[in-house]
Structure formats: structure tokens, C-alpha cells
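Trainee: here is a sequence together with a model predicted from it:
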Amino acid sequence: MPNKLLLTVTQPSRHWFAAPAVALAVLVGLSGLWTAPVAAAPPADQKKSLPAIKLPTLGGTQFWTDQVVFHDWRIQRNHLTRHYRLLDSKNYRHTWGSFEHCQETLKKLKTELKLPAIEGKVVIVLHGLGRTRNSMNTIKEYLQKHSNYTVLTMSYASTRANVQTHAQSLAQVIKGIPQAKEISFVAHSLGNLVIRRYLHNAKTRKVTGPTLGSIVMLAPPNQGSAMARRFKDSKLIRTVWGPSGDEIASHWPTLSRQLAVPSCPFGILAGKSEKTVLDNPLITGGDDLVVTVAETRLAGARDFLVVPAVHTYLMDHPQVHRVTLRFLEHGYFQSESKRQPIKP
């Protein structure tokens, strides 16, 4: 991939195709969006045990959502067929069928492999729209190496369902780690809206959840996305980003009312591209090529920091790694004296 990308639009009357081309480059190319083959449908009776044939998989892309995450083991549900499968740390499928069957298999493996319970402080890491948990590997590995947190990454079919469905899956994953003393979150882009919807659901339904630690939001579209709204009438782009993207683009007033402001300490990291190298003419003001700095802001944030990174690779930036851990541990990105809270 080239180190520099220049996106410019000139003489729009003579180059009528430029804006759609830029839109696709940003929303598809920069988001890393892609899909993968769908697994064959299971037998109608999923209650029966299915052959435990160990097979390699892609780990879940745009058709699989985690329902249980236990260290590097995970039970996933297929968005289309609704069946489940159990994957190990190398994405090998150990069994498939019903949720109960996969649960029972995992329970046996916990005993056979002497897998320790998930206790203490946990950080759940969520990816953004059109991405997979692999996109969060560098920040996950940094947190694992430099802290005592148990770090779990969650996959969800971001382009196949709405924010509410993703939030329900997050609740299921959290339910599966009842011995965790405290749960924090690190999320990129759409993943932050999934967390906020989960918190909204818990509050409105008066559900007693786990003790919350803190949240680090990476390039969150907390105020919607002008980039998405610009192309809300494009059937092609709406098909690419799916129901969640359509909610941000076309139904933001409704969606925003269903997103809680976290009651725990949260910090926001916004990206700002270097305009001499990268330029997205479809967004005005400081931005990371997809979300503007202003759109990331949310009243109540304990700290706010702008970093020199583009949206797609913000979670890979070394500075982001360092300040994310610092916020999780101390509640600020740089120091207490340099905190930039966003007042309600």
C-alpha cells in the first residue's frame, strides 16, 4: 500500500464522477470493508450434536458475531443461518450447531485444558464499521504486554445488522464473564455507538450490570457523520455500509436518543490528518478523512486529545497505544494538569 494518498476534486462540472469516486475510496477503501464466504446452513435440528471436525476458518468477518468470548476462544453466531460455531485462538472451528451444544463443548474444553476463569479487571475491545477484530490487534497486544488487564476482542457483523442488535450481542458477551471484577472498553468508530447503546439499554431496563472501569473512544461519531449524510441517498453506498451505517446517515436523530452518555470516566481520541499529505474534499474542518474532530466530541468526557492519524489506522498509532493505557490506568491521556474535559 502506498505511504501517501492524495484525494482531490477539481473542476466538478467537468469531472462529474469525482465525488462518488472519492466517497467509495473513503467509505470502502479506507474502512477496510470486505466480506467473506458464508458457511453452509446446518441441519434444521440444531439441538443434535454435530460432527466435531476441526476446520480452519477466517475467524468471522461480516457474517459472524461473537456471543461468548473466553480468553481466545469464542462462540459465534452466523447472521444469515443463525447457527453457532466454536473457534479457538487460531480460528479453527471445533464444533457447530446450537448455542447450547457449543456452550457444552466449551465447558468441557475449559476442564480439559485447565483454562483459568476470567477474573479481575477486563478490557473489551471493539472494532468499527466494516472491520474485524483483527483491525484492533496492535492495540490489543500493546495493552496485553504493558498492563495486567485481561484483554478481550469482540467481533460483530457490523454491516449486517443495526446498532441495537450489536449492543445485544455485547450484552451477551459481558454476561459470559460474570466473575470479572471490572469491565472497561476501548472502541473504534462505530464500536463506541454500540457501547453507548448497550449502556442505554442497561439504564432504561434497570439492569444491574458489571462494575464499569473507563472507556477510551477512538474516532467516535458521537455527533453523527456529515460524510455519511452526504451519501445517504446512494443505494450503492448504503448497501456497502449496511443497517448501522444507514442509521448514522439517515436516522441519526432517532439513534442519538438511544445512546447513553457513559456514567463512568471516558476519554475521546480524535484523529486529524495532515492536509499536505491527505485530503478529503468532502469534509470541511479538521478531520481524519471520515469523521471530523467536532463530530467526535461528547459532553461529559473526562479528557479529549487530537492525534495526527487518519480514521482507518488511528488504533495502530503508537501514541494512541500509550495514551489509551494511561487513561485506563489514571483517567487522563497526558497528565492531570493537561486534561481537556468536555463540560456538559
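Mentor: Thanks, I have it.

Trainee: now for the residue most central in space within the chain: which residues touch it?
Mentor: Ranked by distance to the mean C-alpha position of the chain (CA atoms, centre = their mean), the top residue is H127 at 2.4 Å. Residues near H127 by CB atoms under 8 Å, 6 or more residues apart in numbering: 133, 135-136, 153-156, 158, 187-188, 191. For the C-beta atoms, the positions are set from N, CA and C on the backbone; glycine is no exception.

Trainee: got the domain ranges for this structure?
Mentor: 50-116, 120-344 (automatic domain parsing).

Trainee: most neighbours per residue, which of those?
Mentor: The highest average neighbour count among those, using mean count of other CB atoms under 10 Å, belongs to domain 120-344 at a mean of 19.

Trainee: and that domain, what's its mean pLDDT?
Mentor: Averaging pLDDT along domain 120-344 yields 95.

Trainee: chain center to that domain: distance?
Mentor: Remark: domain 120-344 is offset 7 Å from the chain centroid, using CA atoms, centre = their mean, to the nearest Å.

Trainee: endpoints of it, how far apart?
Mentor: By CA to CA, to the nearest Å, the extent of domain 120-344 from end to end equals 32 Å.

Trainee: run through the strands of this protein in chain order.
Mentor: For the chain, strands defined by DSSP state E occupy the ranges 55-56, 64-70, 73-78, 84-87, 92-97, 120-126, 150-154, 180-188, 212-218, 266-271, 303-307.

Trainee: how about the ones you listed in JSON lines, adding distance to G242?
Mentor: Output for the strands of the chain, formatted as JSON lines (distance: least, CB to CB, whole Å):
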{"stretch": "strand 55-56", "distance to G242": "26"}
{"stretch": "strand 64-70", "distance to G242": "13"}
{"stretch": "strand 73-78", "distance to G242": "16"}
{"stretch": "strand 84-87", "distance to G242": "21"}
{"stretch": "strand 92-97", "distance to G242": "24"}
{"stretch": "strand 120-126", "distance to G242": "16"}
{"stretch": "strand 150-154", "distance to G242": "18"}
{"stretch": "strand 180-188", "distance to G242": "17"}
{"stretch": "strand 212-218", "distance to G242": "21"}
{"stretch": "strand 266-271", "distance to G242": "23"}
{"stretch": "strand 303-307", "distance to G242": "28"}
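
Trainee: so which of those gets nearest T324?
Mentor: Between T324 and the strands of the chain, the shortest separation by CB to CB is 4.8 Å, and it involves strand 212-218.

Trainee: any idea of the angle that closest one forms with strand 266-271?
Mentor: Angle, strand 212-218 to strand 266-271, by axes from the mean of the first three to the mean of the last three CA atoms, to 10 degrees: 10 degrees.

Trainee: contact partners of strand 212-218?
Mentor: 121, 123, 182-189, 192, 195, 262-269, 296, 298, 301-302, 314-315, 320, 324, 327-328, 331.

Trainee: okay, now the sheet partners of that strand, with direction.
Mentor: When pairing is defined by DSSP bridges, strand 212-218 lines up against strand 180-188 (parallel), strand 266-271 (parallel).

Trainee: which stretches of the stretch 1-150 of the chain form helices?
Mentor: Ranges of helices in the stretch 1-150 of the chain, per DSSP state H, counting those that start in this stretch, are 18-24, 99-112, 137-146.

Trainee: dump the ones you listed into a markdown table; add distance to I283 as well.
Mentor: Listed next are the helices of the stretch 1-150 of the chain as a markdown table, based on distance: least, CB to CB, whole Å:
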| stretch | distance to I283 |
| --- | --- |
| helix 18-24 | 10 |
| helix 99-112 | 42 |
| helix 137-146 | 25 |
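
Trainee: among those helices, which is nearest A167?
Mentor: Closest approach to A167 among the helices of the stretch 1-150 of the chain (CB to CB): helix 99-112, 18.4 Å.

Trainee: which secondary structure elements does the closest one sit against?
Mentor: strand 64-70, strand 73-78, strand 84-87, strand 92-97 (3 or more CB pairs under 8 Å, 6 or more residues apart in numbering; DSSP states H and E).

Trainee: and the second one with strand 92-97, angle?
Mentor: Between strand 73-78 and strand 92-97, the angle comes out at 50 degrees (the same axes, to 10 degrees).

Trainee: and strand 73-78, how far out from the chain middle?
Mentor: So, by CA atoms, centre = their mean, the centroid of strand 73-78 is 16 Å from its chain's centroid.

Trainee: tell me what that strand is packed against?
Mentor: strand 64-70, strand 84-87, helix 99-112.

Trainee: now do the first one: which elements does it pack against?
Mentor: If you count contacts as 3+ CB pairs under 8 Å, 6+ apart, strand 64-70 packs onto strand 73-78, helix 99-112, strand 150-154, helix 163-175.

Trainee: paired strands for that strand, with orientation please.
Mentor: Within its sheet, and counting by DSSP bridges, strand 64-70 is paired with strand 73-78 (antiparallel).

Trainee: hmm, who's touching the partner strand?
Mentor: Strand 73-78 is contacted by residues 38-39, 60, 63-68, 83-89, 99, 102-103, 106, 109, 115, 155, 169 when judged by CB under 8 Å, 6+ apart.
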